[in-house]
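Asker: Any chance you could fold what I've pasted below:
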Amino acid sequence: MKAAIIGGTGHALPDYLKDAKEIQVNTPFGKPDPIIYFGTYDGLEVYHLARNGKNHELPPTKINYRANMYALKQLGCTYILATGTCNSLQEEICPGEVIIFDQFIDMTKQPVTGIQEELNPGESNYVSMAEPFSEELRDHLIESAIVQGITVHTKGTTISIDGQRSSSRAESRLYRSWGADVVNMTTAPEAILANELGMAYAALSLCTGYDSWRQSDEPVDPGEKMNLVANNHDLIIRLLTYALKKIEE
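Answerer: Purely as a prediction, here's the structure:
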């Protein structure tokens, strides 16, 4: 039983792992663009994939999601916990708060579905996406927050869009009318592929600002966003590592 962490903005390096080392993996979809690390946490073998590269050099539209997720499958990963950042579509989800997703809306245009049919022509691999996030892993993350006294939003819908741009105000208002809670750029492709490849997947995200529907707000300054990510780095690691212990049990 192996687990993987997909580290988003601010979590490129596996500083929580013991004896972490870089590994190389080849897949039918090319090499994963970012480095994959392997190490242990409290006796559990853990792979860590830096989604945007070591130095955050990969924008969401340049990420090879197929290679990334297939590589984790090849390595024997059965559980995946992913981190990221998002913009809020709801007044009650404030900058600096963490949300654990239970649904997504996919507005990305990158081809990620049909990975099994592509590898095995003629074989159908229809997978239900009614519940795209693992309830087991979500429960671990929620328990992690409760035990450690960390306030989180225990469910929410993210709408994933193509970057590298923010939503227009009209788009932002449309997403709110659809019932979405936050906007990000990476969760839907990963969740889709994890389900198709039979890996349990859960994602948590740090809100770094309100989306453009709030007309009174200035656009989020990139420096302020990174400061917010840095200030919450240890909190995110605490949430993840407690969940890793629960996976081991």
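Asker: contacts, neighbours, all on C-alpha from now
Answerer: OK.
Asker: buried sites along stretch 126-144?
Answerer: By neighbour count on 16 or more other Cα atoms under 10 Å, the buried set for stretch 126-144 is 132, 133, 134, 137, 138, 139, 140, 141, 142, 143, 144.
Asker: can you give me the mean pLDDT across it?
Answerer: Stretch 126-144 comes out with an average pLDDT of 96.
Asker: Could you pull out the strands in this structure for me?
Answerer: If DSSP state E is used as the criterion, the strands of the chain fall at 2-7, 18-23, 36-41, 44-50, 77-88, 98-100, 103-106, 152-153, 157-160, 182-184, 200-210.
Asker: Do me a favour and average the pLDDT over the shortest one.
Answerer: Across strand 152-153, pLDDT averages out at 98.
Asker: what's the answer for the second one, then?
Answerer: Averaged across strand 18-23, the pLDDT comes to 95.
Asker: Which strands or helices does that strand pack on?
Answerer: strand 36-41 (3 or more Cα pairs under 8 Å, 6 or more residues apart in numbering; DSSP states H and E).
Asker: Please apply the same query to the third one.
Answerer: Other elements packing on strand 36-41 under the criterion 3+ Cα pairs under 8 Å, 6+ apart are strand 18-23, strand 44-50.
Asker: just to revisit the earlier point, nearest to residue 231, of the strands of the chain?
Answerer: strand 200-210 (11.0 Å; Cα to Cα).
Asker: in that closest one, what counts as buried?
Answerer: Applying 16+ other Cα under 10 Å to strand 200-210 flags 200, 201, 202, 203, 204, 205, 206, 207, 208, 209, 210 as buried.
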